[in-house]
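J.: Just need the structure, nothing else, for what follows:
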Amino acid sequence: MLRWIDKFLNGITMYRLTLYVLAAFFLVAVLFAAFGVLSMSPLMLLFSLLFITVLCWATNTFFSLSFGAPTNVESVYITAFILVLLISPPASVGDGQYLELACWASIWAMASKYIIAIRRKHLFNPAAFAVALTALTLNQSASWWVATSAMAPFIFVGGLLMTRKIQRFDLVVSFFVVALLAILLPHLADTPSLGRLTRNVLANTPLLFFAFIMLTEPLTLPPQRLLRVVYGALTGLLFAPWIHLGSFTFTPELALVAGNVFSYLVSPKQKLFLTLKQKIPMAQDIYEFVFSSDRLLRFMPGQYLEWTLGHARPDTRGNRRYFTISSSPAESDIAVGVRFYPQSSTFKQNLLAMEPGGTIIASQLAGEFILPKDTTKKLVFMAGGIGITPFRSMVQDLLDRSEARSVTLLYSNRTASEIAYREVFAEAEKRLRLKVIYTLTDQKAVPTGWQGAVGRIDEQMIRREVPDFADRYFFISGTRAMVLAFADTLQRMGVSPSRIRQDFFPGFV
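T.: Here you go, the predicted model:
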């Protein structure tokens, strides 16, 4: 079952998954309203969706044109769905109180991404900021009507899918633990009622929707695991209804806005507008894209960026991707290596068609797949296909700094023509004593005179090529399925999980 779920999740971007999950919540709510499970009109729910979506789209279009920024339609629809699920639908089409609240919230949700931004990076979750602002200026608060016992099972299942996709269980768990403890703290003496109260908190408060949908918005998350845990715990504490500063009481949306401020302070603050300089064929169906940047990017080898490429009629995988930086920090340009398939997404089709002078946006620098500071640790890099890109960055960085480490690279490809960055690794073999083992998995395509290994990277190959494997730290990069398979092999060999570092970034497809 989990394998089927992961196969589905790997074929869709996290933004499109979020959109589908929110749409499913809405459709369930319409059905429940039609059958009387929810005390609201299904027609007014549909009206609310239409009204808020049109306002969000129009406002976003206006500001994107005014600021010269590409429009991300998925983000517009995601924010619109969230607002619809937070703001109670009108009693009628002419409900003035609803129209004022929905109009003000929709406009500010979109405007905040452009106006309340520093160095082109917006600070706040758009929906949370908008409903917080309406409460402060209009004295009208979002009802969070989606947080009902009838909707709770659907929110839980959809939320788990999203969290599994983006691998942010550390964030969600830290929030849940602190929020539940903070909420239940005043009632700890009433032991018999704790179970009932806990069930009520989970089913009839915004806790689930807040944690799975609002808190996990990628653009306002800290980039590192420890900081995400602190972010989740801080927001969880402020989520408790009895937390206040003097007469000022936190609401869920204000708790998230406060958490966003913390996240901004500890996160990279750059949004880069990059211009393509070169498109270099490196191997079969693999190109390196070299971009000049409008500003300096400080990063550590192995980290990744979110890339946004505006184009017409994007497919279900959207117009955003996460790519690991293949260049080193010492190189003046920013480069990424990308593999293309016959049935590539519209994003990749447009990227491949890009000519020098074309532009793309990169932001959200993140990733903890980086070299250990202790240079005496012996390392093994395990890569499959285009998963070699973080290791190119790491090895080039070692070359730039003339820093020799004990490193063995196991690099698997289907055929020899798919091997990328040979020249970098060859130079590192000479200068830094890097040990490189290339292996080909298509035994029928092994070229005459091949000097490398043949077959998949398995326990036998690891024991043969890395006899001191028990003393080494392993870094694994490639498809999610390959990374998990290599990690399982290493653990069966007795390698501690603490010595295994897996490359991951959200939305890997």
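J.: So, low pLDDT: which residues of the chain?
T.: 1-3, 6-7, 10-11, 69-71, 119-121, 191, 245-248, 269, 316-317, 504-509 (pLDDT under 70).
J.: Domains in it, by residue range?
T.: 11-266, 271-366, 378-502 (automatic domain parsing).
J.: can you give me the end-to-end distance of the second one?
T.: Terminal residues of domain 271-366 are spaced 13 Å apart (Cα to Cα, to the nearest Å).
J.: Report the distance from that domain to the chain centre.
T.: Counting by Cα atoms, centre = their mean, to the nearest Å, domain 271-366 is centred 16 Å from the centre of its parent chain.
J.: next one: stretch 392-399
T.: Chain-centre distance of stretch 392-399: 25 Å, with Cα atoms, centre = their mean.
J.: now stretch 107-126
T.: On Cα atoms, centre = their mean, the centre of stretch 107-126 falls 19 Å from the chain's centre.
J.: what comes up buried for it?
T.: Neighbour-count burial for stretch 107-126, counted by 16 or more other Cβ atoms under 10 Å, picks out 107-114, 117, 120-126. In this view, the C-beta of every residue, glycine as well, is placed from N, C-alpha and C.
J.: Show me the contact partners of it.
T.: Defining contact as Cβ atoms under 8 Å, 6 or more residues apart in numbering, one finds that stretch 107-126 is touched by 55-56, 59-60, 63-64, 66-67, 69, 75-76, 79, 83, 127, 129-130, 133-134, 214, 217, 219-220, 256-257, 260-261, 264, 269-271, 273, 363.
J.: Can you measure across stretch 461-478, start residue to end residue?
T.: Termini of stretch 461-478 sit 18 Å apart (Cα to Cα).
J.: I'd like to check what contacts that stretch. Which residues are they?
T.: The contact list for stretch 461-478 (Cβ under 8 Å, 6+ apart) reads 324, 369, 372, 377-391, 408, 410, 412, 435, 437, 439, 453, 455, 482-483, 486-487, 489-490, 493-495, 499-503.
J.: and those residues, which of them are in helices?
T.: Using DSSP state H, the subset of the contacts of stretch 461-478 located in helices is 389-391, 482-483, 486-487, 489-490.
J.: quick one: the strands in the stretch 51-200 of the chain?
T.: Secondary structure of the stretch 51-200 of the chain (DSSP state E, counting those that start in this stretch): strands at 117-118, 121-122.
J.: W4: which of the domains of the chain is closest?
T.: W4 sits nearest to domain 11-266 of all those, at 11.4 Å, using Cβ to Cβ.
J.: where's that closest one relative to the chain centroid, distance-wise?
T.: 17 Å.
J.: Using TSV, lay out the strands of the stretch 51-200 of the chain together with distance to V157.
T.: Below are those laid out as TSV (distance: least, Cβ to Cβ, whole Å):
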stretch	distance to V157
strand 117-118	34
strand 121-122	30
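J.: Nearest to F210, out of the ones you listed?
T.: strand 121-122 (19.3 Å).
J.: all strands for the stretch 201-350 of the chain, in order.
T.: For the stretch 201-350 of the chain, strands defined by DSSP E, counting those that start in this stretch occupy the ranges 244-245, 248-249, 271-283, 286-293, 304-308, 320-324, 334-339.
J.: Noted, bye for now.
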